[in-house]
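In: One predicted model, sequence on top.
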Amino acid sequence: MNRFSRLNNIGGLVIFILSCIVYWLCMEPTLSFWDCGEFIAAAFKLEVGHQPGAPLFLMIGKLFSLLAGTNTSRVAYWVNFVSVISSAATVMFLFWTINAISLKIFSKQGTALSAINRWSIIIAGAVGALAYAFSDTFWFSAVEAEVYAISTLCTAMVFWAILKWEQHLNDRWILFIAFLIGLSIGIHLLSLLAIPAITLVYYFRKTTTPTLRGTVKAFFLGCILLGLVQFGIIQYFVLFAAKADLFAVNTLGLGFGIGAMVFLLLVVAALAYGIFYSIKKHKYKLNLVLLSFAFVLFGFSSYFMIIIRANAKTNINLSNPDTPISLLSYLSRQQYEDKPILYGQTFNAKAIDAKETGVEYRKGEGSYEVSRKTFKSVYDQNMLLPRMYSDKPKHIAFYQSWMGLAENETPSFWQNLSFMNSYQMGFMYWRYFAWNFIGRQSDEQGHGAINQGNWLSGIKPIDAIRLDNQSKLPASIKDNGGYNLFYGLPCLLGLLGLAYLYRKNWKDSLVVAIFFCCTGLAIIIYINQDPLQVRERDYAYVGSFYAFAILIGMGVLAVRDLLNKLASNKMALSIAGLTCLLIAPVLMAVRGWDDHNRHGKTTALEMAKNYLNSCEPNAILFTNADNDTYPLWYAQEVEGIRTDVRVVCLQFLSSDAYIDQMKKQQNLSAPLPISMKHAQYKDGVRDYLPYVDYGITDSVELGKLLAVLTSDQKEDQIQMNDGSYENFMPTKKLKLTIDPAQILATRTVDAADKDKIAPQMQWDFKEKYVFKKDLAMLDIIAHNNWKRPIYFSYGVSEDTYIGLDKYLYLEGFAYRLLPLTPNPDPKTDKSEQTNNKLAYQHYQRFELGGFKKAKYIDPESRRILQSTWTYANTLASNLIQAKAPNLAKKVISKSLMQLPLENSSLTDTINKISLVQNLYLLNDHQQGNRLTQTTGQYVAQELDYILSLRPETQKGLINEIRTGMYVLQSLAQINQNFRQTVLSNMLNAKLKTYEEEFTKSFG
């Protein structure tokens, strides 16, 4: 056994080093997209990120960021390295976990552990651990600054620790598990889902002859313990502290936080007494329970960082959880929508009543104030396990399309379960599982189309059953970085491992199965995900993929047993080990390397810089959250780039605390010109104002309208159904009178363009409600007096522009609000308008080298790439129209030099239309002809693929067909206009052929 222990430890270290090197080589050197920019920025200055927070992760990130020294550009590198180390350690613990389970199998045989068996265990552990190391989802998280890598490490350690307890029967391991679970709450809640599996291990070890009834009871006890931690500690413990603080502040007149601190001291005192009592009275189980509870609380205490830093009013201070009550809201994720789980409404249900459920409080001057009452809607149609519940129009359309429902058809209970099985479990879980262990079609996000984001084994007859003919796969699939074919071999090995483990030790097979289900399918049922998510959600189920990797390790032993019947033990082990190594981790590593290698990738950082450099000095930039905001926060907070620009995230602008932040100096950015006092926008006040048509036909001056919207006089308000008075929007027709002298004095418009200045801006507000964010935006616009440039991000939703579209002009990745006389053509879109002089200057400062330098361009980077091409083409076209061809040439030259021309989808080819036209207009016929040919060939290959499919399948790709035909038609017309007869005739011939072929398909 000592030999095995030594071999086991050395093997674990080797696995750790190997994994660490791989992840380090693939690690992104700076920030990544999505939440990474926020996490790095918040870690660097210990700020408060989005709900429900990850304080321990931020503190660990801060520790690693210190390794950057004074070079802030290396901060992201070292915070990313947290994931590298955590992921490598996870693989090491998985190796030890597989070995611990395997060891029990051989130990049960009652003989000494032979050298063959020792090496069998080590090889099985290595294959399973490395298969997980190179699995798609885990590898993705291992090379960026996200919580999922270190969260998986906590889960791995928790599961490994219960096996150590099982081996030694030392309850110190139970306390270690409790502490780990408490710590992990400050990172992510994944490790909590291992609790049911842990209770089964405990039950099987403590029971000589386990029964079905006992097993079920142990499982449900584990579920209860999970609920106690997730709700009892994380929420109700904080709830009691918040209630104590409410009583102390509002009843006893004490300061904020004192009541909560007294509550905490009482809990500590009670715990201390209970532990002392259990020791004195020799109550061992009570002592273990109380110590475990204490260790969970001790780990959970990392959340003190959140409330401390919220009170410091850091630049990033989302939700401002500076009191026990606001911390409760923060932990409860109250900013997110509630979803029915066990019982609730269908998507076409009507709300027939609203039941009052309580009140919410806000922090006042010296006490807590009621901000609003809370209500829960009562619906006319409800069912068990509601899965199709969202009443958003796009979700309703998806439900109807996916399930084949008629326009006004209410789904039955069985249709509801069918949606859960086919979409929520099938498409949003098993598809992700298959990506990791069977194969993946592409990295394009999928919503059900047969050519985007499906699982793909590479065995064409099997794939054709779901995805139709696979003989003419186009470049959009075969050349995609995510085109990873595993032929189902890792999955098959895992299934063999499951059968083997069940045969050898059914108890451990049940433990692993429960672990798998609780970290996978149970999440699906609990979160009840609505369709059309903004990104793929496979990262949420990485724990279940960890469990399956255990079975892959067991598969090695299964293959060895099968080969033992044909060859000697040594030969069987050698063949089994080598074969399994090749068909699982090696195959997965080779296939997955290209789309997981982010070495040298800087596209997210460059995007952030380009957004900020699209703005003139001291600008105000309105953005959306996630990829529109978080990279910019990183650039400003960490690297100090363009801190004069005030980034205003509209998703958070409905928060009174966020508006307070906007009214203060931040770095080099002066306070925003918001005239409203805090009392006029505090939580629960003017959250939304309804539009009530007062029959006003003329446009109303914005300043006068704001005075009405923020007035506390009853004559400026309307009475609501409950008898209260609220402000309202009396008109949708707005105007802002322009002082040309001020416009010229602030250099908003060049003196040469003074004749273009409009005497007033007039626009229609298009929404039914004025939300608090809209009110704040209107306040800023009304009182800015053109002293600071105002921009809207290129990527915000249409309703964000509050009707100002005709006054918006591109100056880079942002639209600038300019008081110019609008284009009289109503068909003119804001995306076609550029403020040429500054748009050109800003674009020349853009950093775009990361696109060609990156080993792999991910979907979000490709989106940015195509947006950049669209902007460059629009700017060049407008410069040509403005008789500035030399500037247009420089725009096109910079773009061709720094931006890739490769197409990743038919949508990408749309940009080639404008580019070809610009090239011809600039007399670069050679480049235009070459681009026409390559684009035509690409489109033809894509359309040939669609034609190879069945007619009914082709109909599902009608948008792709229309796009391809439009591109060919447009290129043919452009080439005809510029007398490129050969190319024009070639394209027209293709068009005619495809029209005839698709006519045959569609009839």
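Out: That came through fine. Numbering: from 1, shown residues only.
In: Give the buried residues for the lowest-mean-pLDDT helix or strand in the chain.
Out: When the helices and strands of the chain are scored by mean pLDDT, DSSP states H and E, strand 717-719 comes last with a mean of 86. Judged by neighbour count (16 or more other Cβ atoms under 10 Å), strand 717-719 contains these buried residues: Gln717. In short, each C-beta sits where N, CA and C put it, glycine included.
In: Which parts of the stretch 351-500 of the chain are strands?
Out: With DSSP state E, counting those that start in this stretch as the criterion, the stretch 351-500 of the chain has strands at 351-363, 368-379, 382-384, 439-440, 484-485.
In: Quote the end-to-end distance of stretch 766-773.
Out: 15 Å (Cα to Cα, to the nearest Å).
In: ignore the last one, stretch 65-85
Out: Stretch 65-85 stretches 14 Å from its first residue to its last (Cα to Cα).
In: So what touches it?
Out: Stretch 65-85 has contacts (Cβ atoms under 8 Å, 6 or more residues apart in numbering) with 20, 23-24, 27-32, 39-40, 43-44, 57, 60-61, 64, 141-146, 149-150, 605, 634, 638-640.
In: Return the subset of those lying in helices.
Out: Judged by DSSP state H, those include 20, 23-24, 39-40, 43-44, 57, 60-61, 64, 141, 149-150, 605, 634 as members of helices.
In: that older thread, generate a ChimeraX selection restricted to the buried entries among the contacts of stretch 65-85.
Out: In ChimeraX, a selection of the buried entries from the contacts of stretch 65-85 looks like this (16+ other Cβ under 10 Å):
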select :20,23,24,27,28,29,30,31,32,39,40,43,44,57,60,61,64,141,142,143,144,145,146,149,150,605,634,638,639
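In: does Ser302 really touch Gly53, like I thought?
Out: No - contact criterion Cβ atoms under 8 Å: Ser302 and Gly53 do not qualify, at 9.2 Å.
In: Show me which of these two is the more surrounded one.
Out: It is Gly53, of Ser302 and Gly53, that has more neighbours when counted by other Cβ atoms under 10 Å, with 28 against 22.
In: Setting aside sequence neighbours, what's the nearest residue to the more buried one?
Out: Distances taken as Cβ to Cβ, 6 or more residues apart in numbering put Ile306 closest to Gly53, at 5.1 Å, once the chain neighbours are dropped.
In: what's the spacing between the one you found and Tyr330?
Out: Noted for Ile306: a distance of 7 Å to Tyr330, by Cβ to Cβ, to the nearest Å.
In: Mind listing the shared neighbours of Ser302 and Gly53?
Out: Gly186.
In: ok, now which ones touch the nearest residue to Leu384 once chain neighbours are set aside?
Out: Spatial nearest neighbour of Leu384, chain neighbours left out: Tyr343 (5.7 Å); criterion: Cβ to Cβ, 6+ apart. Remark: with contacts taken as Cβ under 8 Å, 6+ apart, Tyr343 is in contact with 382-386.
In: Quick check: the farthest pair among these?
Out: By the measure Cβ to Cβ, Asn382 and Leu385 form the most distant pair in the contacts of Tyr343, at 10.9 Å.
In: Format the strands of the stretch 351-500 of the chain as a markdown table; extra columns: mean pLDDT, mean neighbour count and distance to Tyr539.
Out: As requested, the strands of the stretch 351-500 of the chain are exported to a markdown table (pLDDT from 0 to 100; neighbours: other Cβ atoms under 10 Å; distance: least, Cβ to Cβ, whole Å):
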| stretch | mean pLDDT | mean neighbour count | distance to Tyr539 |
| --- | --- | --- | --- |
| strand 351-363 | 91 | 13 | 31 |
| strand 368-379 | 91 | 14 | 31 |
| strand 382-384 | 92 | 15 | 29 |
| strand 439-440 | 97 | 27 | 15 |
| strand 484-485 | 96 | 22 | 17 |
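In: And those: which comes nearest Glu860?
Out: Glu860 sits nearest to strand 439-440 of all these, at 17.3 Å, using Cβ to Cβ.
In: How far off centre is the closest one?
Out: Counting by Cα atoms, centre = their mean, to the nearest Å, strand 439-440 is centred 21 Å from the centre of its parent chain.
In: go on, stretch 193-212?
Out: Put simply, stretch 193-212 sits 35 Å off its chain's centre (Cα atoms, centre = their mean).
In: That one: which residues count as buried?
Out: The neighbour-count check on stretch 193-212 (16+ other Cβ under 10 Å) flags 193-204, 210 as buried.
In: Low-confidence ranges, the chain, go.
Out: Applying pLDDT under 70 to the chain flags residues 1, 108-111.
In: For Val359, which residues are in contact?
Out: Contact analysis of Val359 by Cβ under 8 Å, 6+ apart lists 370-374.
In: at 10 Å instead, please
Out: Neighbouring residues of Val359 by Cβ atoms under 10 Å, 6 or more residues apart in numbering: 370-374, 684.
In: Repeat that for Leu31.
Out: Leu31 sits next to 37-41, 75-77, 79-80, 144-145, 602, 604-605, 607-608, 630-631, 633-635, 638-639 when contact means Cβ under 10 Å, 6+ apart.
In: Swap in 8 Å and give it another go.
Out: Leu31 touches 37, 40, 76, 145, 604-605, 608, 631, 634, counting by Cβ under 8 Å, 6+ apart.
In: Spatially, which two of those are the most separated?
Out: So, the contacts of Leu31 by Cβ to Cβ: farthest apart are Ala145 and Ala608, at 14.4 Å.
In: just wondering, since we're on Ala635, how far is it from Tyr611?
Out: Taking Cβ to Cβ as the measure, Ala635 falls 8 Å from Tyr611.
In: Need the three-state assignment for Thr90.
Out: The local conformation at Thr90, judged by DSSP: H, G, I helix; E, B strand; the rest coil, is helix.
In: what separates it from Leu200, distance-wise?
Out: Distance, Thr90 to Leu200, using Cβ to Cβ: 22 Å.
In: could I get the contacts of Tyr343 as CSV with distance to Thr868?
Out: CSV is the format used below for these (distance: Cβ to Cβ, whole Å):
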residue, distance to Thr868
Asn382, 48
Met383, 47
Leu384, 49
Leu385, 45
Pro386, 43
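In: quick one on the thing from earlier: what packs against the least confident helix or strand of the chain?
Out: Applying 3 or more Cβ pairs under 8 Å, 6 or more residues apart in numbering; DSSP states H and E, one finds that strand 717-719 contacts strand 725-727.
In: who does the helix or strand just after the strand it packs on pair up with?
Out: Downstream of strand 725-727, the first helix or strand assigned by DSSP states H and E is strand 733-737. Here strand 733-737 has these sheet partners by DSSP bridges: strand 700-701 (parallel), strand 760-764 (antiparallel).
In: Tell me which residues are up against the first one.
Out: For strand 700-701, the surrounding residues in contact (Cβ under 8 Å, 6+ apart) are 730-731, 733-737.
In: of these, closest to Phe851?
Out: Distances from the contacts of strand 700-701 to Phe851 were compared by Cβ to Cβ; the smallest belongs to Leu736, at 39.3 Å.
In: Am I right that that closest one is in contact with Ala782?
Out: Yes - counting by Cβ under 8 Å, Leu736 touches Ala782, with 7.0 Å between them.
In: which residues do the two both contact?
Out: Residues touching both Leu736 and Ala782 (Cβ under 8 Å, 6+ apart): Leu702.
In: which stretches of the stretch 801-950 of the chain form helices?
Out: Using DSSP state H, counting those that start in this stretch, the helices of the stretch 801-950 of the chain run over 836-844, 850-853, 859-881, 885-898, 910-921, 925-947.
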